[in-house]
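A.B. asks: predicted model and sequence follow; I will ask about them next.
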Amino acid sequence: MNKLHVAMPKARDSKLRPAAVPDSVESRKQKIEERKARLAGNGEDAMEEDEEEVMKTEKDLMLENGGAGVYSCDFTKHWQLADPSWRSDIVPEIMDGKNIADFVDPAIEEMLAELEAEEEQLLQEQAEGAMEDEDDEELDSDEAEAVADIKEYKGKTVAKARVDEQRTKPVLPKKNQRHTLAEFKEHLASMGITQDVESVVDRVRARSRSRTKTRGEKRGRSETPDRSRSRGRSATPSRHAQGLTSEKSPGLVADGLKRMKKAQKNIIKKAISESDRTYGDKKPKWQFTGKMDVRKTRNKR
């Protein structure tokens with residue numbers, strides 16, 4: 001006992017604190033005792049008549065329904081619901097496109113009633129507003145015609161945009177685009193200019209000619225040069241022919257190109273980096289060829 005510590009609790013008061021046994025356990029024990037006494041007094045013949053249901057454990061149910069790995073325990077059998085038949089109902093996660101978890105709220109009924117009342121009020125207000133606006137929605141003939149024109153213009157614009165999206169050919173810039181005289185006159189007609197069209201065309205032509213003349217003067221070409229006397233520029237020889245031509249050694253160019261390609265090959269061979277995934281020889285032959293004699297181990301010391 002000198003090596004152990006034995007605790008001797010002392011009572012802090014005179015109050016008794018016995019073990020708390022539930023009443024259901026006591027009543028079940030009492031029923032079992034009464035059944036045993038009844039069976040002992042009536043004999044074995046009365047066992048079937050007085051057969052009483054004995055509570056089965058989950059292990060008993062498992063053995064009766066296929067054993068381990070086959071039987072699945074019912075976790076809903078002890079649920080306390082208003083209607084016991086609800087225990088076997090499948091609780092969906094999504095119902096009518098809505099998440100069930102969003103509606104788990106103690107005051108869901110009150111909130112739903114408020115929402116329904118608000119919805120009815122909004123519908124009533126919309127109906128009243130529609131009745132008031134029915135008189136204002138009637139359009140005159142001019143307004144209806146304007147609306148039709150707007151819709152037609154909108155449809156044409158949308159169709160043109162869709163065609164432009166599907167276009168795969170390159171579009172020329174405006175400065176490089178060429179237009180005909182008929183297109184220009186049609187443009188003037190769309191703008192409402194129908195009188196003195198020829199004078200407008202002459203004015204535009206005169207402006208373009210003056211602009212071309214001004215550009216020529218700025219560049220120092222006030223007069224148009226005679227193209228018939230101009231001579232075409234000769235083709236410039238390549239750099240290899242410019243620096244490596246010689247009458248005594250005509251093959252100098254070919255020799256230089258050959259040397260250049262050879263030098264490039266050597267550079268490419270040496271340009272090896274970590275990203276090339278090259279694996280060196282893991283077992284060099286000079287390290288793994290032959291056998292070592294036992295008497296030569298002194299050299300390793």
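C.D. replies: Alright, I've got the coordinates. Numbers count the residues shown, from 1 in each chain.
A.B. asks: C-alpha only now, for contacts and for neighbours.
C.D. replies: OK.
A.B. asks: and this structure, what are its domains?
C.D. replies: Following automatic domain parsing, the chain resolves into domains at 24-107, 180-215.
A.B. asks: just for the stretch 101-250 of the chain, where's the confidence low?
C.D. replies: Confidence mapping of the stretch 101-250 of the chain against pLDDT under 70 gives the ranges 131-137, 210-232, 237-250.
A.B. asks: how about the helices in it?
C.D. replies: Using DSSP state H, counting those that start in this stretch, the helices of the stretch 101-250 of the chain run over 108-133, 141-165, 181-190, 197-218, 239-243.
A.B. asks: want to try TSV for the domains of the chain, with mean neighbour count and distance to Glu165 as columns?
C.D. replies: Formatted as TSV, the domains of the chain follow (neighbours: other Cα atoms under 10 Å; distance: least, Cα to Cα, whole Å):
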stretch	mean neighbour count	distance to Glu165
domain 24-107	10	37
domain 180-215	11	24
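A.B. asks: okay, those in JSON lines with distance to Thr168 next?
C.D. replies: Below are these laid out as JSON lines (distance: least, Cα to Cα, whole Å):
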{"stretch": "domain 24-107", "distance to Thr168": "43"}
{"stretch": "domain 180-215", "distance to Thr168": "24"}
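A.B. asks: out of the ones you listed, the one nearest Asp149 is which?
C.D. replies: domain 180-215 (15.9 Å; Cα to Cα).
A.B. asks: run the chain-centre distance for the closest one.
C.D. replies: On the basis of Cα atoms, centre = their mean, to the nearest Å, domain 180-215 sits 55 Å off its chain's mean C-alpha point.
A.B. asks: same deal with stretch 11-24?
C.D. replies: 64 Å.
A.B. asks: check stretch 114-122 too.
C.D. replies: Computed by Cα atoms, centre = their mean, the chain-centroid distance of stretch 114-122 equals 37 Å.
A.B. asks: list the buried residues of it.
C.D. replies: Buried residues in stretch 114-122, counted by 16 or more other Cα atoms under 10 Å: none are found.
A.B. asks: export that stretch as CSV, just CAs?
C.D. replies: In CSV, the C-alpha atoms belonging to stretch 114-122 read as follows (Å, rounded to 0.1, in the frame of the first residue of the first chain):
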residue,chain,number,x,y,z
GLU,A,114,-47.1,38.0,-45.9
LEU,A,115,-45.6,37.3,-49.4
GLU,A,116,-48.9,36.0,-50.8
ALA,A,117,-50.7,39.1,-49.5
GLU,A,118,-48.0,41.4,-51.0
GLU,A,119,-48.2,39.6,-54.3
GLU,A,120,-52.0,40.0,-54.4
GLN,A,121,-51.6,43.7,-53.7
LEU,A,122,-49.1,44.1,-56.5
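A.B. asks: and the most far-flung residue of the chain relative to its centre, which of the three is it?
C.D. replies: Distance from the C-alpha centroid of the chain, by Cα atoms, centre = their mean, peaks at Gly41 (78.6 Å). Under DSSP: H, G, I helix; E, B strand; the rest coil, Gly41 falls in the helix class.
A.B. asks: and it, what does it touch?
C.D. replies: By Cα atoms under 8 Å, 6 or more residues apart in numbering, no residues touch Gly41.
A.B. asks: ok, now with 10 Å
C.D. replies: Going by Cα atoms under 10 Å, 6 or more residues apart in numbering, Gly41 touches Arg35.
A.B. asks: any idea how far stretch 5-20 is from the chain center?
C.D. replies: The answer for stretch 5-20 is 67 Å, by Cα atoms, centre = their mean.
A.B. asks: list the buried residues in it.
C.D. replies: When neighbours are counted by 16+ other Cα under 10 Å, no buried residue of stretch 5-20 is found.
A.B. asks: tell me how far the ends of it are from each other?
C.D. replies: One end of stretch 5-20 sits 29 Å from the other (Cα to Cα, to the nearest Å).
A.B. asks: now swap in stretch 5-16 and tell me
C.D. replies: Stretch 5-16 has its terminal residues 26 Å apart, counting by Cα to Cα.
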